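> Coordinates for the following, if possible.
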Amino acid sequence: MDEILKAAETLTALIQKSREYREYQAVRQRIEADPHLEKMVLELQREIYEIRMVSGNTIPEGPEALKPELRYFLRDPEVNALLAAENNLCRLMQKVFRRIADGIDFSVPDI
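Numbering: from 1, shown residues only. So this is what the prediction gives:
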């Protein structure tokens, strides 16, 4: 098990060096520099998460599903940069998880 955990630490370090992770961190730091924008982004992320949980991981109506005061923030280039960077990092993580899962014979029932 120690060998697996060591490999996980190595994988973590590689992910932290990836373009996706570095871009996400850079945009996140710029957002965090503006407390008002940071608060709105957190609220926007929370609402997107809630909509996805209810609708099965999609936003069927697109931006129109969001509260009007949050839709406004989608016009902000930094907010869009953060959402894009977040999406890119999530896709990278999904690929990593899938690669690991595909290599392991472990039966999990469909949900």
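
> Can you list the low-confidence ranges for the chain?
Within the chain, the ranges that satisfy pLDDT under 70 run 55-65, 69.

> For it, which residue occupies the most central location?
For the chain, residue 86 is the residue whose C-alpha lies nearest the centre (CA atoms, centre = their mean; 3.9 Å).

> Could you report the separation of that one from residue 100?
Going from residue 86 to residue 100 by CB to CB, to the nearest Å gives 21 Å. To be clear about C-beta, it is placed using only N, CA and C from the backbone, and glycine gets the same treatment.

> ok, residues contacting stretch 31-47?
The contact list for stretch 31-47 (CB atoms under 8 Å, 6 or more residues apart in numbering) reads 66, 67, 70, 73, 74, 76, 78, 79, 82.

> Can you mark which positions in it are buried?
Going by neighbour count (16 or more other CB atoms under 10 Å), the buried part of stretch 31-47 is 31, 37, 40, 41, 44, 47.

> how near is the second one to residue 47?
Between residue 37 and residue 47 the distance is 16 Å, computed by CB to CB.

> With residue 1 instead?
In terms of CB to CB, residue 1 sits 40 Å off from residue 47.

> And for residue 72?
Distance, residue 72 to residue 47, by CB to CB: 13 Å.

> tell me the secondary structure for residue 105?
Put simply, residue 105 is coil when judged by DSSP: H, G, I helix; E, B strand; the rest coil.

> Pull the number of nearby residues for it.
For residue 105, the neighbour count with other CB atoms under 10 Å is 5.

> And residue 70, by the same measure?
19.

> Give the full set of residues in contact with it.
Residues counted as contacts of residue 70 (CB under 8 Å, 6+ apart) are 40, 43, 44, 47.
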